[in-house]
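S.K.: no FASTA, just this:
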């Protein structure tokens, strides 16, 4: 099921942040970046708070793997989300 979600939702970063990214990091398909960010807490008081931001990026191996999945399941993937050579 994780591969199905990856194959169809690789372009949506929320899917990776929702837990799939942590699974794919173990297989070196994605790379995790952890950084400190700040967001505005209250507009009137100009208060900001810091939080830990986690983002994911598909690695070169992940792109090759995703391309092979798209080649195998061409009929199941929307054409606008197909990877090109």
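M.R.: All right, it came through fine. Treat the numbers as computed from the prediction; the structure is a model and nothing was measured.
S.K.: contacts and neighbour counts: CA atoms only from here.
M.R.: Noted.
S.K.: which pLDDT does the model give residue 37?
M.R.: At residue 37, the model reports a pLDDT of 94.
S.K.: assumed it was part of a strand.
M.R.: Yes. Assigned with DSSP: H, G, I helix; E, B strand; the rest coil, residue 37 falls within a strand.
S.K.: that one and residue 48 touch, don't they?
M.R.: No. Contact between residue 37 and residue 48 fails when scored by C-alpha atoms under 8 Å: they sit 10.1 Å apart.
S.K.: this structure: strands as residue ranges?
M.R.: Per DSSP state E, the chain carries strands over the ranges 30-42, 47-58.
S.K.: what comes up buried for the longest one?
M.R.: Spelled out, it's strand 30-42. 30, 31, 32 (16 or more other C-alpha atoms under 10 Å).
S.K.: and what of stretch 13-28?
M.R.: 16, 20, 21, 24, 25.
S.K.: pLDDT score for residue 85?
M.R.: 56.
S.K.: just residue 8 next, same as before
M.R.: Taking residue 8 on its own, its pLDDT is 82.
S.K.: run through this protein and note the low-pLDDT ranges.
M.R.: In the predicted model, the chain carries pLDDT under 70 at residues 83-85.
S.K.: which one's the longest helix in it?
M.R.: helix 60-72 (DSSP state H).
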